[in-house]
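# this one's sequence-less:
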């Protein structure tokens, strides 16, 4: 019986490799970003430049994957033919631009475990957005799981020990500017995901998935260039001194790992399912807590253990009856998950 269940979860060896890679890459991103910080938890490099170059790597990867089965000429033709969809992708591209840049800011304030724990609130926001935008009524079990998940995140700020900490990073939720940044990041992720689903089912339903990814990355590059201009750092972002810092091996690992996340997530959502994705998120929390302790000596307090356990239970409960908005039964079904690879 256990063998049957295992083969149902992972029909091929490749699917298991993808599952493991997905978890390790996500956990690794928080660890790598933290490792790239200076002793004062700030960055010696321009984070917008790093996000911009990461989008360039993703654009190159998507173009290569498209040209593997198609000609470069057809790539240019498809981009020109679907320029309207290219314009529509500026909305999620802008949202993900904010999300990716805020991830660096929030990881300089919160330890990786607290950061990923708080991001689980995306489940709550996504559920509410689906109810409002798609008129999906949540069941009692769904609402219960969302309430439990929220309580699990709140547990992280409850001090259940007498030990006082002088850590430079907070392991609690700061209901201030940092808390607002986390909420903005969560809403950016959720709104972009819902908008992507709208594009896939409406305006971009007949556009090749790799072309849509190319649209996303092109628009993301533009958004990051604009953000550099708004901050007044466009002139200094690509100087020799700045690029030396950006191309440090630790920063390169951050960029390549982030680009790999997008590609692996695409295969994950295509070959596996969203239920396994929720379990993967729960396992990420545990691994992040353990690795943060090993590499950065970030203590694991009782409130951390209880918060992770509560969130894992809530995610499990939610996965039994998740909110969904399936497309019509056609070739679009394979496209639905792929574009969501941008969420990280």
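In hand now; what should we look at? Just so we're clear, the structure is a prediction, and the values are computed from it rather than from any experiment.

# For the helix or strand hosting residue 259, list every residue counted as buried.
Assigned by DSSP states H and E, residue 259 belongs to helix 249-271. Residues of helix 249-271 classed as buried by neighbour count (16 or more other Cβ atoms under 10 Å): 251-255, 257-271. C-betas here are computed from N, CA, C, even on glycine.

# Strands of the stretch 201-344 of the chain, start to end?
For the stretch 201-344 of the chain, no strands are identified by DSSP state E, counting those that start in this stretch.

# Tell me where it is predicted with low confidence.
For the stretch 201-344 of the chain, applying pLDDT under 70 flags the ranges 201-205, 266, 269-279, 319, 321-344.

# what about the helices in it?
209-230, 240-246, 249-271, 274-296, 302-319, 333-336 (DSSP state H, counting those that start in this stretch).

# out of those, which comes closest to residue 144?
Across those, residue 144 has its closest neighbour in helix 302-319 (6.8 Å, Cβ to Cβ).

# The closest one: how far from the chain's middle?
Distance, stretch centre to chain centre, for helix 302-319: 19 Å (Cα atoms, centre = their mean, to the nearest Å).

# please renumber so the chain begins at 786
With the count now opening at 786, the last piece we talked about shows up as helix 1087-1104.

# Kindly calculate the angle that that helix makes with helix 1059-1081.
170 degrees (axes from the mean of the first three to the mean of the last three Cα atoms, to 10 degrees).

# what helices or strands is helix 1087-1104 leaning on?
Applying 3 or more Cβ pairs under 8 Å, 6 or more residues apart in numbering; DSSP states H and E, we find helix 1087-1104 packed against helix 897-904, helix 907-918, helix 925-940, helix 1059-1081.

# what inclination does the last one have with respect to helix 925-940?
Angle, helix 1059-1081 to helix 925-940, by the same axes, to 10 degrees: 10 degrees.

# May I see the helices and strands packed on helix 1087-1104 arranged in TSV, with mean neighbour count as well?
Listed next are these as TSV, based on neighbours: other Cβ atoms under 10 Å:
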stretch	mean neighbour count
helix 897-904	25
helix 907-918	18
helix 925-940	17
helix 1059-1081	18
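
# what would those look like in a markdown table with distance to residue 877?
A markdown table is the format used below for these (distance: least, Cβ to Cβ, whole Å):
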| stretch | distance to residue 877 |
| --- | --- |
| helix 897-904 | 18 |
| helix 907-918 | 14 |
| helix 925-940 | 24 |
| helix 1059-1081 | 19 |
